[in-house]
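Asker: Quick one, what's the 3D model for this:
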Amino acid sequence: MNFNFFKNKSVALDLGNNNTVLSSRESVLFSQASYIVFDLGSQKVKAIGDKAYNMFEKNHQELKPVKPLKGGVIADYDSAKVMLHEMVGQACGTSSFMNGYDCIISGIPFNTTEVERRALRDVIDQFSARQTFMVYEPVAAALGIGLNIREPDGKMIIDIGGGITEIVVISLSGIAAFQSLKVAGDTFDEAIQDHFRRSYNMAIGLKTAEQIKIKVGAVLDKLPEAPEPLIVRGKDMVEGIPVVRKINHSEVAFILEKSVASIEHRVVQTLETCPPELAADIYENGIHITGGSSMLRGLRERFEAKLRLPVHIDSQPLLSVSKGMATTLGETKKFQSILME
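Answerer: Numbers count the residues shown, from 1 in each chain. The predicted structure is shown next:
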């Protein structure tokens, strides 16, 4: 008797550096921050997701907040395993012998080691699904954007995530050229935090730096619709008292200049290493940018000016990888060429 006959749930896991998205074929089931908080006394889970993120940098000594991913991959295996177990349980309900998982597909950065891939496989294996697959995130993002990855036509995807930026050229369901760099959303947050420390002797938390990036983040000094300056609260590093400072988008653009320029440089390198026929396709089709950090103001205009190519930014950049993986759920034979066991 095939006991797997009763397993009927399929789920796509986009275990991101800063945000985790769980999807079925039809809809998003769960989308929250990739954080978990443990009670040090009992070792039990105190909070996960957005609730855990809200406790981050505001916890007392009895609570241990953990961000299990770094650089786009699992950095704390035990915490990642528990966090994902709790998130899947919250999104899909607890599984039983008669009602388990048919297929689980998880995204992974293209530039990963076998050790990093093994860590993800082990985390997924806890669900005892009938089928488990991994798919490279830039390929899934291309599917999620709505591109036909099967045709012999070069398509460039730039996925600027939380921990890593990947630049790939896709043709015939495979990756023909790529560059990867650990300059992404977290790097931007750290640069903002460092700027306040060096320029103003002012300490701010990473969460505050992230809010600055979201609310007034930009990569161009001049914007057609500039956001209002933001009031930032922090601590004076000399006197230790709370202080307030105002920051605008042009100052953030100055802070992020070096990081964004390094991404541009890698895009040029990818085009240089790309076969001529595929490069010609990209000059025709343009560049597709996705990932949470693609929402920085002025990014499209800056890349178009610097690279002299059409630039398309996904309207739902946080969901493109998840949508792409959801497309493959239930059609694993059709997408066999991009799925890894």
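
Asker: ok, now which ones touch the residue lying closest to residue 195 once chain neighbours are set aside?
Answerer: Closest residue to residue 195 apart from its sequence neighbours, by C-beta to C-beta, 6 or more residues apart in numbering: residue 255 at 4.7 Å. Glycine gets a C-beta too; all of them are placed from N, C-alpha and C. Residue 255 is in contact with 191, 192, 195, counting by C-beta atoms under 8 Å, 6 or more residues apart in numbering.

Asker: Show the contacting residues for the most centrally placed residue in the chain.
Answerer: Nearest to the mean C-alpha position of the chain, by C-alpha atoms, centre = their mean, lies residue 161 at 3.7 Å. Residues near residue 161 by C-beta under 8 Å, 6+ apart: 16, 17, 18, 72, 137, 184, 185, 291, 292, 293.

Asker: Mark which of the residues you listed are part of helices, please.
Answerer: The helices, defined by DSSP state H, take in 137, 185 from these.

Asker: now, which of the contacts of residue 161 sits nearest residue 243?
Answerer: Distance ranking of the contacts of residue 161 against residue 243, using C-beta to C-beta, places residue 185 first at 25.7 Å.

Asker: Let me know whether that closest one touches residue 16 as I believe.
Answerer: No: contact criterion C-beta atoms under 8 Å: residue 185 and residue 16 do not qualify, at 9.7 Å.

Asker: where does the residue nearest to the centre of the chain land on pLDDT?
Answerer: Residue 161 is assigned a predicted lDDT (pLDDT) of 93.

Asker: can you check residue 331 too?
Answerer: Listed pLDDT for residue 331 reads 86.

Asker: again, but for residue 58
Answerer: The score at residue 58 is 88. That number is its pLDDT.

Asker: same thing with residue 72?
Answerer: pLDDT, read off for residue 72, is 86.

Asker: who touches it in this structure?
Answerer: 16, 17, 109, 112, 161, 162, 163, 164, 182, 184.

Asker: Can you select the buried ones among those residues for me in ChimeraX?
Answerer: To isolate the buried members of the contacts of residue 72 in ChimeraX, using 16 or more other C-beta atoms under 10 Å:
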select :16,17,109,112,161,162,163,164,184
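
Asker: Could you report the neighbour count for residue 244?
Answerer: 9 (other C-beta atoms under 10 Å).

Asker: mind listing what it touches?
Answerer: Residue 244 neighbours (C-beta under 8 Å, 6+ apart): 231, 232, 233, 234.

Asker: Now intersect those residues with the strands, please.
Answerer: 231, 232, 233, 234 (DSSP state E).

Asker: ok, and the closest non-adjacent residue to the third one?
Answerer: This means residue 233. Spatially, and ignoring its direct neighbours in sequence, residue 233 is nearest to residue 244 (5.5 Å; C-beta to C-beta, 6+ apart).

Asker: same check, this time on the second one
Answerer: Closest residue to residue 232 in three dimensions, ignoring its sequence neighbours and counting by C-beta to C-beta, 6+ apart: residue 245, at 5.1 Å.

Asker: quick one, what contacts that neighbour?
Answerer: Neighbouring residues of residue 245 by C-beta under 8 Å, 6+ apart: 196, 200, 202, 231, 232, 234.

Asker: Going by neighbour count, list what's buried in the longest helix along the chain.
Answerer: When the chain is parsed with DSSP H, its longest helix is helix 249-273. For helix 249-273, burial by neighbour count (16+ other C-beta under 10 Å) applies to 249-253, 255-256, 259-260, 263, 266-267, 270-271.

Asker: Stretch 14-26: which residues count as buried?
Answerer: Buried-residue list, stretch 14-26, by 16+ other C-beta under 10 Å: 14, 15, 16, 17, 18, 19, 20, 21, 22, 23, 24.

Asker: pull the CA atoms of that stretch into PDB?
Answerer: Extracted as PDB, the C-alpha positions of stretch 14-26 are listed here (Å, rounded to 0.1, in the frame of the first residue of the first chain):
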ATOM      1  CA  ASP A  14      11.200  31.000  -0.200                       C
ATOM      2  CA  LEU A  15      13.500  31.000   2.800                       C
ATOM      3  CA  GLY A  16      14.900  34.600   2.400                       C
ATOM      4  CA  ASN A  17      17.600  36.400   4.300                       C
ATOM      5  CA  ASN A  18      15.100  38.900   5.800                       C
ATOM      6  CA  ASN A  19      11.700  37.600   4.700                       C
ATOM      7  CA  THR A  20      10.200  34.100   4.300                       C
ATOM      8  CA  VAL A  21       7.400  33.400   1.900                       C
ATOM      9  CA  LEU A  22       5.400  30.100   1.800                       C
ATOM     10  CA  SER A  23       3.100  29.600  -1.100                       C
ATOM     11  CA  SER A  24       0.700  27.000  -2.500                       C
ATOM     12  CA  ARG A  25       0.000  26.800  -6.200                       C
ATOM     13  CA  GLU A  26      -2.900  29.200  -5.900                       C
END
